[in-house]
Each structure stands twice: as structure tokens, then as C-alpha cells.
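> what follows is a protein structure lacking sequence information:
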């Protein structure tokens, strides 16, 4: 024992003691670790909204992670990101949170994943200099109370925290709403028995498929749903067709009639599910929508009972139809419907109620009356928020057989909104902004063709300090006008933020509008090129554009009441974009596109959901290089491939030459008469020179 103590005290035990110290430090760090997130968007740290969500869980939340191990790059980083994120959630959550990772090399775990309807996805894998494909599991399952949700196909860390937290919030909201329902949800299948002999594929199986899906969904939603199958008469079906939009079907030259449709209803609200009679390309009649019926009912139930935030959507002036995916702004509706619902407002008859946090004006083409403008003005002064997508001209597409060979016509738009916007210091231009930094279209005849009226706003053209545009690397705008906010900057009480602007190589199209890329040219006079504002945010208190309420009716001489506001009593916000194309399918085909995130961030910000903006863009891999010309890009490319190698070789030769010179200098200083030379051979032997 004495010898051991002496050994410990001596310097000989330093290595052993250091190893023991590292072991103990590792054990302590395993139990109480500390992490530092040094990334600019805080990609590996939870936002306040996520922390609040998991810290206040009232029911047990279980997250099951099904990820194949040993994935090749870049998918291995996704696996690690998920593990790091779950560690963060676990560290911030209360005792109702639990997370479990499954080893997907075991067949029983694959069966568990399949039971939750997770699907394997195919990824490309490079191994032994060969490219192959591999089926892998990359999904998560969330269980809260009696609800089960999945998040499948997680192939990228981009926006993952937002997806997870949104999924948890939706489950909590739906569960709480179901628990507090005043009544029951009803699933009704309307179908005419007379149609069963028409040879419609899937008709006889339809009732069984609906009941099977109902049983599964009902079990996951506290058994709050009732089901009914009805065969209404012809007289009974007529009002149902009008009320729910069911399919009215006739046959035998119109002598026989039937009805078909699946409706999920609660009180006065309902959702028509996409179970329909369709005709295939080969002329066969089939019942569509039965394959994914469970998912359809689940999503419709969420939409039906969830408590979404209501947004006003002004109509009556040629605004885009919010329910039309192809020719309107239905994609915009899809983009925000998980959290917001639109209340259509016709300002000729409707008032803007105080419960509406924000109001959207999207692509109007006809003039507003003074009474309508006054309602908008007073709503803003009461602390309301305006989201404006305004076009400088109305693009009318040609119709008929020769439409393909004709160019659209462009008619000036005067909505009279300038009457109130000018008062707030916002002036909309009657022009299109063209930009050398733009979308480039591949054309079979002309090759790569720049589409100047679709500017590509790169990182330096997006405000990286504001949550709406922060972390976005690029955003496409289309046929957008300028926004002059110099007067707004000069007004007291208004804070002006430019969120997006074109590059310094921009110019304007005025008067003779057209969108033929082959006819557009960069101006020869470069002095006319300058950056233009494309999206701005004005916040604060505003002054009314009206001295008094417009007189639309004869005054009552016996009673006079005035509620006119001359200036804001609460701060409001105005978000303005000089184009409604940002709400159209051309630019927001999917929610993962940067322009879709930009628009959704604007809606969230104006509705007080600032944390969602930061969470949505966290982890984005959009920090792209700014490319001013292809010649410069190619120069950088070949410099990285060959230039760096040449530079390293030249530096190596210089160092080798200097070392030889130093050896000769030392020899000449201390032994100039020595005829030997020091060899650089591996053996370091000394050879005699002849």
C-alpha cells in the first residue's frame, strides 16, 4: 500500500491519473452535458415556442423514431440532427415527454414501423465507387393521449423543428377540442342503392371501406364520431346536393337518378370528402378516394374541429379566388390552412370585426369605394394589420383556339387604394421591375434565356435582420412593381423595414408592358440601373386618410354619432408586395420553396406568431454564393480544381529551395572547405561528392 501511495505521488503516475480524470469527466458530462450552438440561425437550439409546447404538456407525449443506422452522406447528418433535436426537446420538456429510438436492423421493429403506416423510402448510395439504391426507414411517430400522427420521409433537417412542434401543437389542439366538443362529429355516406347494378368498380366495396376507415379513426379520436349510411330519395337528394355539393348522378337517359358523397359534419360546419364517381381514360366508371380514406377522414377532422386563427380576405374587386388551386390563390390557402382560416369579406355589406388580427387584399382589379376604403383605414387605426399583394396592371390571357400564338394584354389597374396608402407614405409604382439577376429559362431554340421580369433575390437582397426574411438564401419575385417608402420614413411614429429589394442591376418597364423574354434587353445606359424595393413592412401608428366618415346615407338630423378616428389608438402593421404572383401556383407550388416560406412568415408575423418564422427557416441550407456572371463562376470553379493544387506545389518548391539554401549557408559559415553534401534520402546517409 505504501509503495502504491509513493507511486501515485511520483511523476510516474501522471499518465494514469490523467486517464482516470478523463474517464470521470466523461461520466459527469454524460449526466450533465452542456452544448453551445454557434450557428447563425441557431439551428441546434430550440425556439421559445418549442420549449413552451413541451414544457406545458398536459398528457403523455411519446415520440418513436424509426431511422435506419449507418446511412451514407448526406442522410447520416439527418439521423444525427434528429437525435440532437430530440435531446434538446427532452432537456426542456416536463415529465410527460418521452422519446424512443428503434433499431431498424431488427425485423420486429420494421413490423412496428409498418403498423404505424410508415413507408420505406429509396435513397441513392455511393459505395465502392458504385452508385446504388437502398430502401431505408426515416420517419417518426407521435402519440398524444389517444391521437397518433406520423412524420415520414425525413430526408433533410431543413425546417424539421417547425414540423415537429407544429405536429405536436396540432395534436394538442385537436385533442383538447375533441374533449370539449358540445355534441358529436358525424360521418355520413350518401349513396343510392339503385346504382349498385351499374357496374361501377368499387361501389359494392365502398360502404365496407368507409366503415373500416371510420373504425380506425374513431378509435384514435376518443370515439367522438358517429357514422350513418343513407339512401335518400330523389326529392330528398336535391337539397343535399345544394347543401353539401354531393354528386348528382343520372342514367337511363335521365329517367333514373342517384346521389353519391361522403360528408363529415359538426354542428353547422362540414367537410366534403373526396369519395367520387370518376371515369377513367379507358371509359370505366370507378369510385375514387377509397385507398387513402383513413388519412382523408383524419385530416378533415382536424380541419373541422381545430380552432384556427381567422383572417379577413376581402372580395368584390376581382381578387384571386382563395379556393381555386389552378386559376386562383388556392395554394396560398393550402400554405396557411394548418393555422389560419379565411373569412371572406365584402366591404359593401360586411364590417371588419375586431376579432380579425389581420386582413388580406390579394390582387384586386376594380376600384374600392370611399366607404370601403374608410373601413380599411379605421380598422388599421384600431390596431389591425394589413397584408397587401397589389398588381400594377391586369394581365389578361388570350382565349380561344389561337390563344397559344397571342400575347397577353395588360390593362392599367386603379383600385383607389392609393388614397389611403399615399397617406401612410406608401406609393405603389405603375411598372414592372426587371433584373439581370433573374430566373434563367432553358429554351430549345434560344438555349438559356434570362427571364428579367422574374428577379432572383439573393441573400444580400433580403433583410437578414428581420424574422420574415432572415435565413432565406434566395426568393423569386414575378412581375412586381416598385414601392416608394420615402414619405413613410419621414412620418413620425412609423417604422419602415425593406424586406426584399432587387439587385443594383435593375431597371423598370413602364407603359408598353409585355412578358416575352426574347424581346427584353438590358439597357445600354448603365446609369439607369439601380436597386428597387419589392416588399416592405411599415409598423407603428398612422394618421387617417379621411377627415370624417364618408356620407353614404342621408344624415339623421335628430341624432348625431361620430366614432371617427383621426389617428391610431394602437400600433398596426402593413405588409406590402407589388405583385400578387407570390400567392399564385407559379411561385408557391409547395411549402418548402423559399418564396412560400417568405409569404408564410409574413402572415405569421402580422398575426403575432414571430417565433414560428424563426423556427420555420432554422437549419436551411440556403446560404448560396452570389453569382454575378457565369464567367466569374467558371473562374472560381477551375481555380478550386487546379489553381489551389498549383499554388500548393509552388509553395512546396519554394520551401524546399529555401531549406537547401539554408543548409548551404550553414555549411559555408562553419565548414567551407568540407566537400560533402547532406543527402535528403530516407536513410539520411552522408555521401561523398565526386
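Now that the structure is in, tell me what you want to look at. For clarity, every value in this text was computed on a predicted model and none was experimentally measured. Numbering: from 1, shown residues only.
> quick one: the top helix by length along the chain to chain centroid distance?
Counting residues, the longest helix found in the chain (DSSP state H) is helix 644-670. Put simply, helix 644-670 sits 57 Å off its chain's centre (C-alpha atoms, centre = their mean, to the nearest Å).
> tell me the mean pLDDT for that helix?
Mean per-residue pLDDT for helix 644-670: 89.
> likewise stretch 54-74?
Mean pLDDT, stretch 54-74: 90.
> ok, residue 575 - contacts?
Under the criterion of C-beta atoms under 8 Å, 6 or more residues apart in numbering, the neighbours of residue 575 are 385, 386, 387, 388, 535, 536, 537, 602, 605, 606. Any C-beta I mention is one placed from the backbone N, CA and C, and that applies to glycine too.
> least trustworthy helix or strand in the chain by mean pLDDT?
strand 686-687 (a mean of 46; mean pLDDT, DSSP states H and E).
> any chance of the contacts of residue 575 in CSV with secondary structure, pLDDT and distance to residue 125 as columns?
Formatted as CSV, those follow (DSSP: H, G, I helix; E, B strand; the rest coil; pLDDT from 0 to 100; distance: C-beta to C-beta, whole Å):
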residue, secondary structure, pLDDT, distance to residue 125
385, strand, 95, 48
386, strand, 97, 50
387, strand, 97, 45
388, strand, 97, 48
535, strand, 96, 41
536, strand, 97, 47
537, strand, 97, 45
602, helix, 96, 39
605, helix, 94, 41
606, helix, 94, 44
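> so which bits of stretch 531-539 are buried?
Under the neighbour-count criterion of 16 or more other C-beta atoms under 10 Å, stretch 531-539 has 532, 533, 534, 535, 536, 537, 538, 539 buried.
> tell me how far that stretch lies from the chain's centre.
On C-alpha atoms, centre = their mean, the centre of stretch 531-539 falls 21 Å from that of its chain.
> next: stretch 207-217.
Centre-to-centre, stretch 207-217 and its host chain are 33 Å apart (C-alpha atoms, centre = their mean).
> what sits up against it?
The contact list for stretch 207-217, computed with C-beta under 8 Å, 6+ apart, reads 187, 189, 191, 202, 225, 227, 229, 262, 275, 290, 293-294, 296-298, 301.
> repeat the analysis, applying 7 Å as the threshold.
The contact list for stretch 207-217, computed with C-beta atoms under 7 Å, 6 or more residues apart in numbering, reads 187, 189, 225, 227, 229, 262, 290, 293, 294, 297, 298, 301.
> same question for stretch 321-333.
With contact meaning C-beta under 7 Å, 6+ apart, stretch 321-333 is reached by 313, 320, 342, 362, 583, 584, 585, 588, 589.
> kindly recompute the last result at 10 Å.
313, 315, 319-320, 334-335, 337, 340-342, 344, 360, 362-363, 389, 397, 580, 582-591, 596, 599-600, 603 (C-beta atoms under 10 Å, 6 or more residues apart in numbering).
> on that earlier part again, distance to residue 644 added to the contacts of residue 575, as CSV?
Below are those laid out as CSV (distance: C-beta to C-beta, whole Å):
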residue, distance to residue 644
385, 52
386, 52
387, 49
388, 50
535, 40
536, 43
537, 43
602, 42
605, 43
606, 48
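> looking at those, which has the most residues close by?
Counting neighbours by other C-beta atoms under 10 Å, residue 535 leads those with 28 neighbours.
> leaving out sequence neighbours, find the closest residue to that residue.
Closest residue to residue 535 apart from its sequence neighbours, by C-beta to C-beta, 6 or more residues apart in numbering: residue 500 at 4.0 Å.
> and the helices in the stretch 351-500 of the chain?
With helices called from DSSP state H, counting those that start in this stretch, the stretch 351-500 of the chain shows them at 370-381, 418-421, 486-490.
> quick one on the thing from earlier: now the two most distant members of the contacts of residue 575.
Farthest apart among the contacts of residue 575 by C-beta to C-beta are 385 and 535. That separation is 15.1 Å.
> any idea how far residue 444 lies from residue 64?
Distance, residue 444 to residue 64, by C-beta to C-beta, to the nearest Å: 49 Å.
> could you give the bridge partners of the residue nearest to residue 535?
residue 462, residue 535 (DSSP bridges).
> run a quick neighbour tally on residue 181.
Neighbourhood size, residue 181 [other C-beta under 10 Å]: 13.
> go on, residue 280?
Residue 280 has 10 neighbouring residues, counting by other C-beta under 10 Å.
> ditto for residue 483
Per other C-beta under 10 Å, the neighbour tally for residue 483 reads 26.
> contacting residues around it?
Residue 483 neighbours (C-beta under 10 Å, 6+ apart): 388, 390, 421, 426-429, 433, 498, 500-501, 532-536, 538, 576-578.
> what's the closest non-adjacent residue to it?
In space, residue 483 is closest to residue 533, 4.5 Å off (C-beta to C-beta, 6+ apart).
> who are the contact partners of the one you found?
Counting by C-beta under 10 Å, 6+ apart, residue 533 makes contact with 429, 433, 480-486, 496, 498-502, 576, 578.
> which of those residues are buried, as a PyMOL select command?
For the buried members of these, the matching PyMOL selection, counting by 16+ other C-beta under 10 Å, is:
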select buried, resi 429+433+480+481+482+483+485+496+498+499+500+501+502+576+578
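> just checking, residue 319 touches residue 360?
Yes - look at residue 319 against residue 360 with C-beta atoms under 10 Å: they come within range, at 8.7 Å.
> is the residue nearest to residue 535 in contact with residue 455, as I believe?
Yes - the criterion here is C-beta under 10 Å, and residue 500 meets it with residue 455 at 9.1 Å.
> overlap in contacts of those two?
Joint contacts of residue 500 and residue 455 (C-beta under 10 Å, 6+ apart) are 461, 475, 477, 480, 534.
> show the pLDDT at the first one.
Spelled out, it's residue 461. So, for residue 461, pLDDT stands at 92.
> the third one now?
According to the prediction, residue 477 has pLDDT 95.
> shared neighbours, residue 319 and residue 360?
313, 329, 389, 583.
> state the distance from the third one to residue 602.
It stands for residue 389. 10 Å.
> and residue 114, what element?
helix 107-115 (DSSP states H and E).
> what's the average pLDDT for stretch 196-208?
90.
> span of it from start to end?
Using C-alpha to C-alpha, to the nearest Å, one end of stretch 196-208 lies 14 Å from the other.
> then stretch 226-237?
OK, stretch 226-237 end separation, C-alpha to C-alpha: 21 Å.
> can you point out the buried residues in that stretch?
Within stretch 226-237, the residues scored as buried using 16+ other C-beta under 10 Å are 232, 237.
> list just the nearest of the buried residues of stretch 531-539 to residue 233.
Using C-beta to C-beta, residue 535 comes nearest to residue 233 of the buried residues of stretch 531-539, at 55.8 Å.
> is it correct that that closest one is in contact with residue 481?
No - at 11.1 Å, residue 535 does not count as touching residue 481 under the criterion of C-beta under 10 Å.
> between those two, what contacts are shared?
Among the neighbours of residue 535, those also in contact with residue 481 (C-beta under 10 Å, 6+ apart) are 577, 578, 579.
> next, the second one: phi, psi?
Dihedral angles of residue 578 (phi, psi; degrees, to the nearest 10) stand at phi -80, psi 30.
> for it, give me its contacts.
Residue 578 makes contacts with 388-392, 428-429, 431-433, 477, 479-483, 532-536, as judged by C-beta under 10 Å, 6+ apart.
> contacting residues for the nearest residue to it once chain neighbours are set aside?
Sequence neighbours aside, residue 481 is the residue nearest to residue 578 in space, at 3.5 Å (criterion: C-beta to C-beta, 6+ apart). Listed by C-beta under 10 Å, 6+ apart, the contact set of residue 481 reads 390-393, 428-433, 508-510, 532-534, 577-579.
> redo that, cut-off 8 Å
Residue 481 makes contact with 390, 391, 392, 428, 429, 430, 431, 432, 433, 578, 579, according to C-beta under 8 Å, 6+ apart.
> alright, calling it a day.
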